[in-house]
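Colleague: This is the structure alone, sequence omitted:
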């Protein structure tokens, strides 16, 4: 198993314990997206093998690892908490854990009309590998990939 250096983050993000209930995650997701996931949908994902989540009071990330590939399923940061590095901290935590679980690459989809998210992902080293037409209710999405292990600046 690979070893990754632990970096000090600006935010205390912790693995999410699904026994705590997913209603708080669903409420947060609803503040971030026009078509939010409900607590039952989030719970169903969390019991799927290889699925993991990291959380903070103002955000969470949900990802899945299958073999050597990992995927960011969703990243939600409360609107009032954006632009302070919380999204980056959540992503660094889940990317590091995915690498520890054996993933050699991480994928995600992001709307082409989301410049803040695009900048966040580019800053972490994600690169475009494809596009999904009309992926988000008629809006196009880019497919991004990050090679693991990742080195964060």
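Modeller: The structure has been received and is ready for your questions. Please read these numbers as outputs of a predicted model, since none were measured by experiment.
Colleague: Could you pull up the mean pLDDT of stretch 28-35?
Modeller: The average pLDDT within stretch 28-35 is 94.
Colleague: Please work out how many residues are found near residue 55.
Modeller: The criterion is other CB atoms under 10 Å. On that basis, residue 55 has 21 neighbouring residues. (Glycine included, C-beta is placed from N, CA and C.)
Colleague: Please name the residues that touch it.
Modeller: Shown in contact with residue 55 (CB atoms under 8 Å, 6 or more residues apart in numbering): 13, 14, 15, 16, 25, 61, 90.
Colleague: Equivalent analysis for residue 15, please.
Modeller: 52, 53, 54, 55, 97.
Colleague: Which ones among those residues lie within strands?
Modeller: 52, 53, 54, 55 (DSSP state E).
Colleague: I'd say the first one and residue 97 touch.
Modeller: It stands for residue 52. Yes - using CB atoms under 8 Å as the test, residue 52 is close enough to residue 97 to be in contact (6.0 Å).
Colleague: Can you tell me the number of residues neighbouring residue 131?
Modeller: Neighbours of residue 131 (other CB under 10 Å): 12.
Colleague: do the one 4 residues further on as well
Modeller: When neighbours are counted by other CB under 10 Å, residue 135 registers 16.
Colleague: Same question for the one 10 residues further on.
Modeller: Taking other CB under 10 Å as the neighbour definition, residue 145 ends up with a count of 16.
Colleague: Now it. Nearest residue, chain neighbours left out?
Modeller: Excluding its sequence neighbours, the residue lying closest to residue 145 (CB to CB, 6 or more residues apart in numbering) is residue 129, at 4.5 Å.
Colleague: Identify the residues contacting the one you found.
Modeller: Residue 129 sits in contact with 107, 143, 144, 145, where contact means CB under 8 Å, 6+ apart.
Colleague: Now tabulate the ones in strands among the contacts of residue 15 in JSON lines and tack on distance to residue 115.
Modeller: As requested, the ones in strands among the contacts of residue 15 are arranged in JSON lines below (distance: CB to CB, whole Å):
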{"residue": "52", "distance to residue 115": "28"}
{"residue": "53", "distance to residue 115": "26"}
{"residue": "54", "distance to residue 115": "24"}
{"residue": "55", "distance to residue 115": "25"}
